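Visitor: sequence-free structure coming up:
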């Protein structure tokens, strides 16, 4: 029984240290799936001479211990019961233990062949486990009316510093724009007046440049007539400047939507002084990571504040608008995984949360990250 407990504890230690839980601030039990073969093989090796009755009992004890500890950690640190993830872990751990036991009981070949087989199984399981998790953590692509985006951020033609370099590199979309394009239909426009959102479509204002009064009137009318909008209004953007200070190609230093927000009775406070660092805000289980974010200091009664006042949801007329006091929500290093192919190891739900606001009919992913409370 001690060996069974050691195998379960070893798997827990692996998923915390190298599986992504500690680094990402997540307590997802499912992250253990790719790392199961090694502790399973060690348990099977140490019990290779035991009777099947003893080995079977060790498998049961190890499985129960793993599920109890993983479930308790998730409930304590995230306040959510990960039943689907625990079910996936139970199936995976049982399969890994039985496979490892069968390999250790296979006595027809020598140790070298058995070792080579163990290495191949471990590598294949690791790759397959990550592919499965990438699929389970991925939201489905939606169809329907496209979301309309108006932005002053360098999300398209973002790679070059001059026209020749831009033409040579092509559109070279920013990772945020690429991720949103992959999540649902999206169109970039220069004018809401000339290119209004289609019926049923959502409007995304991502820290736009100064808008003419007729543009602000069109945005207000769209929302009040029942439209849905998401507005990123940054009090002091930290988006990298690719051009000299004052160059109009740079994103606006601060939000230029104050007239619109004032009309709605919303006041965006200044960015924090000093080193603001990264702050995290959880909204209905989704984690947003912000940098140098402003707080909404005044909100009308039809608004509700989230994430310590950095985010607000407002009813404006017959429509609805989500307000975020930070354009760095889209900045890739704040949400992208360190490993590009492992999209399920993301640092935040920024793109997923934004996609759910832009395409309300989208079907969410089967698995959702379980973020540890209080970890930025």
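Guide: Done, it's in. Because the structure is a prediction, the values reported are computed rather than measured.

Visitor: okay, residue 245: pLDDT?
Guide: pLDDT, residue 245: 64.

Visitor: no, scratch that, I was asking about residue 370
Guide: 95.

Visitor: tally of neighbours for it?
Guide: Using other CB atoms under 10 Å, residue 370 is surrounded by 25 other residues. Quick note: C-beta positions are derived from backbone N, CA and C, even for glycine.

Visitor: wait, it sits on residue 25?
Guide: No. With contact defined as CB atoms under 8 Å, residue 370 does not reach residue 25; the gap is 9.9 Å.

Visitor: what is the burial count for residue 28?
Guide: 28.

Visitor: the nearest residue to it once chain neighbours are set aside: what's it in contact with?
Guide: Counting by CB to CB, 6 or more residues apart in numbering, residue 370 is the residue found nearest to residue 28 once chain neighbours are left out, at 5.0 Å. With contacts defined as CB atoms under 8 Å, 6 or more residues apart in numbering, the neighbours of residue 370 are 26-29, 74, 77-78, 80, 82, 85.

Visitor: again with residue 315
Guide: Neighbours of residue 315 in contact, by CB under 8 Å, 6+ apart: 302-303.

Visitor: one more time with 10 Å, if that's ok
Guide: Contact analysis of residue 315 by CB atoms under 10 Å, 6 or more residues apart in numbering lists 223, 300-304, 321.

Visitor: check residue 148 too.
Guide: Residue 148 neighbours (CB under 10 Å, 6+ apart): 186-189, 192, 195-198, 201-205, 222, 227, 229, 358.

Visitor: which stretches in the stretch 151-300 of the chain count as helices?
Guide: Listed in chain order, the helices of the stretch 151-300 of the chain (DSSP state H, counting those that start in this stretch) span 163-169, 175-183, 213-224, 258-263.

Visitor: re the thing from before, what sits in contact with each of residue 370 and residue 25?
Guide: 77, 287.

Visitor: the residue lying closest to residue 325 once chain neighbours are set aside: neighbour count?
Guide: Spatial nearest neighbour of residue 325, chain neighbours left out: residue 294 (3.9 Å); criterion: CB to CB, 6+ apart. Counted with other CB under 10 Å, the neighbours of residue 294 add up to 24.

Visitor: what is the neighbour count of the closest residue to residue 55 other than its chain neighbours?
Guide: Nearest residue to residue 55 in three dimensions, chain neighbours excluded: residue 47, at 5.1 Å (CB to CB, 6+ apart). The number of residues packed near residue 47 is 20, by other CB under 10 Å.

Visitor: mind listing what residue 47 touches?
Guide: Neighbouring residues of residue 47 by CB under 10 Å, 6+ apart: 3-4, 7, 54-55, 58-59, 100-101, 104-105.

Visitor: if you rank the residues you listed by neighbours, which is first?
Guide: Of the contacts of residue 47, with other CB under 10 Å as the count, residue 7 tops at 31 neighbours.

Visitor: name the nearest residue to residue 269, sequence neighbours excluded.
Guide: residue 297 (4.2 Å).

Visitor: tally of neighbours for that neighbour?
Guide: Applying other CB under 10 Å, I find that residue 297 has 12 neighbouring residues.

Visitor: pretty sure it is touching residue 266, no?
Guide: Yes. Residue 297 is in contact with residue 266 according to CB atoms under 10 Å; the separation is 9.0 Å.

Visitor: which residues in the stretch 201-350 of the chain form strands?
Guide: Applying DSSP state E, counting those that start in this stretch to the stretch 201-350 of the chain gives strands spanning 202-206, 228-232, 267-268, 278-283, 286-291, 296-298, 303-306, 311-316, 319-324.

Visitor: partners of the first one in the sheet?
Guide: Strand pairing for strand 202-206, using DSSP bridges, gives strand 147-151 (parallel), strand 228-232 (parallel).

Visitor: same check on the shortest one?
Guide: Paired strands of strand 267-268, with direction, are strand 296-298 (antiparallel) (DSSP bridges).

Visitor: can you give me the mean pLDDT across the partner strand?
Guide: 93.

Visitor: residues contacting it, please?
Guide: By CB under 10 Å, 6+ apart, strand 296-298 touches 233, 261-262, 265-270, 303, 305-306, 309-312, 314, 323-325.

Visitor: whichever of the residues you listed end up buried, select them in ChimeraX.
Guide: Provided next is the ChimeraX selection string for whichever of the contacts of strand 296-298 are buried by 16 or more other CB atoms under 10 Å:
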select :233,261,266,268,303,306,309,310,311,312,314,323,324,325
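
Visitor: picking up where we left off before, okay, the contacts of residue 47 in JSON lines with distance to residue 343 next?
Guide: Formatted as JSON lines, the contacts of residue 47 follow (distance: CB to CB, whole Å):
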{"residue": "3", "distance to residue 343": "36"}
{"residue": "4", "distance to residue 343": "34"}
{"residue": "7", "distance to residue 343": "29"}
{"residue": "54", "distance to residue 343": "42"}
{"residue": "55", "distance to residue 343": "37"}
{"residue": "58", "distance to residue 343": "36"}
{"residue": "59", "distance to residue 343": "32"}
{"residue": "100", "distance to residue 343": "29"}
{"residue": "101", "distance to residue 343": "33"}
{"residue": "104", "distance to residue 343": "35"}
{"residue": "105", "distance to residue 343": "38"}
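
Visitor: what's the closest of these to residue 346?
Guide: Distance ranking of those against residue 346, using CB to CB, places residue 7 first at 29.1 Å.

Visitor: among the strands of the stretch 201-350 of the chain, which is nearest residue 112?
Guide: strand 286-291 (46.9 Å).

Visitor: for that closest one, name the packing helices and strands.
Guide: strand 278-283, helix 350-358 (3 or more CB pairs under 10 Å, 6 or more residues apart in numbering; DSSP states H and E).

Visitor: note down every partner strand of it and its orientation.
Guide: Strand pairing (DSSP bridges) places strand 286-291 next to strand 278-283 (antiparallel).
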